[in-house]
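Student: how would this look folded up:
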Amino acid sequence: MNYPPLNMHFVVKFKHKEFSKDIHFQSVNGLKASICKTEESKLEKVHFENLVLKRAYEPDSRLIGWCMNRINNHKTQAVNLVISLLNSEHKMLSGWIIEKAIPVSWSVEELHAQETRILIERIELEYKFFEVLNSQGEIIAPKEKKRIR
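Tutor: Numbers count the residues shown, from 1 in each chain. Okay, the predicted model is just below:
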């Protein structure tokens, strides 16, 4: 029997060798595409919401350096990534290829002397577009190749 997929079992894989260990995240938000019209023009434009990744703070992660290099030094190094939704046997049910992501924000949650919590890191990425994958890793949407804005 097929059950609806659960949202809690997933991995994020950056397509960059320096970030190969950065796969575990607490949450992923921002897989959203919408059509918007500008008032000046009647043309429709696709808008992709920023991707927000959260996880336990990892001070030795190279992702922090990538984010801060972009924010502080304005050095842009776009990276592709794949988010895979997994089943109980760790096989992909669906996925999303994120194209040309760059960091636009990095932060950690509040440090608090009277609370004992895991410190959460937040990474926000802007990207050009995403593609949807089926369980075999085939692109099912969009059917036609998107032009990069």
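
Student: longest strand anywhere in the chain?
Tutor: When the chain is parsed with DSSP state E, its longest strand is strand 92-108.

Student: Counting by contacts, list what that one packs against.
Tutor: helix 62-73, strand 79-86, strand 120-126, strand 129-133 (3 or more C-beta pairs under 8 Å, 6 or more residues apart in numbering; DSSP states H and E). Placement of C-beta: from N, CA and C, glycine included.

Student: what about the shortest one, average pLDDT?
Tutor: On average, the pLDDT along strand 129-133 is 97.

Student: next structured bit after it?
Tutor: Scanning forward in sequence from strand 129-133 by DSSP states H and E, the next helix or strand is strand 139-141.

Student: contact partners of that next one?
Tutor: Ile97, Glu131, Val132, Leu133, Asn134 (C-beta atoms under 8 Å, 6 or more residues apart in numbering).

Student: and it, how far from the chain's centre?
Tutor: Mean-position distance between strand 139-141 and its chain equals 17 Å (C-alpha atoms, centre = their mean, to the nearest Å).
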